[in-house]
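1. no sequence on hand, only this structure:
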């Protein structure tokens, strides 16, 4: 189970780092990808399922990660917030995204920097942890 969790956390960390690279190199591609968030019921539920998987993987893997309590807390925050979003009508998430995404797109380089930082933190957490992957 820990191996599957490690694979999910590492993959998500790499996705965040990759997104940062795309956002810097090809901002239009990153913007197009972001605009799909909560754009339909399918996109909303897919996003939440992925978030639950990542959050659960963090919860499972956290004892083997650097600063395990922080990653445990982060995992639970992701799982609980995703569960809440699964319980609300997807249109609410869509309306929220319509308000927030223009701000994110306007500050895409800053968002990319945050994505890079989180991706690197996830990867560091896995590889620098007591268990090290």
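-> Ah, there it is. Keep in mind that this is a model prediction, so the values were computed, not measured. Numbers count the residues shown, from 1 in each chain.

2. for the protein, just list every one of the helices.
-> Taking DSSP state H as the criterion, the chain carries its helices at 2-25, 27-34, 41-61, 68-87, 90-106, 108-127.

3. buried sites along the shortest one?
-> Which is helix 27-34. For helix 27-34, the neighbour count (16 or more other Cβ atoms under 10 Å) marks 30, 34 as buried. Every C-beta, even on glycine, is put in place using the N, C-alpha and C of the backbone.

4. mind listing what the closest residue to residue 97 other than its chain neighbours touches?
-> Of all residues not flanking residue 97 in the chain, residue 38 sits nearest, at 4.1 Å (Cβ to Cβ, 6 or more residues apart in numbering). Residue 38 makes contacts with 44, 47, 90, 93, 94, 96, 97, as judged by Cβ atoms under 8 Å, 6 or more residues apart in numbering.

5. for residue 79, see how far away the first one is.
-> As for residue 44, its distance to residue 79 is 17 Å (criterion: Cβ to Cβ, to the nearest Å).

6. who's more crowded, the two?
-> residue 44 (22 against 19; other Cβ atoms under 10 Å).

7. surely the more buried one meets residue 90?
-> Yes: using Cβ atoms under 8 Å, residue 44 is in contact with residue 90, at 3.8 Å.

8. show me the contact partners of stretch 86-97.
-> With Cβ under 8 Å, 6+ apart as the test, stretch 86-97 has contacts from 37, 38, 39, 40, 41, 44, 45, 48, 52, 85.

9. can you do 6 Å?
-> Outside stretch 86-97, the residues that touch it by Cβ atoms under 6 Å, 6 or more residues apart in numbering are 37, 38, 41, 44, 48, 85.

10. one more: stretch 60-76?
-> 1, 5, 6, 9, 55, 58, 59, 125, 126, 128, 129, 131.

11. switch to 10 Å and redo it
-> Contact with stretch 60-76 is made by 1-10, 54-59, 118, 121-122, 124-133, as judged by Cβ atoms under 10 Å, 6 or more residues apart in numbering.

12. and what of stretch 1-15?
-> Counting contacts by Cβ under 10 Å, 6+ apart, the residues outside stretch 1-15 that touch it are 50-51, 53-65, 71, 75, 115, 118-127, 129, 131-133.

13. cool, thanks, signing off.
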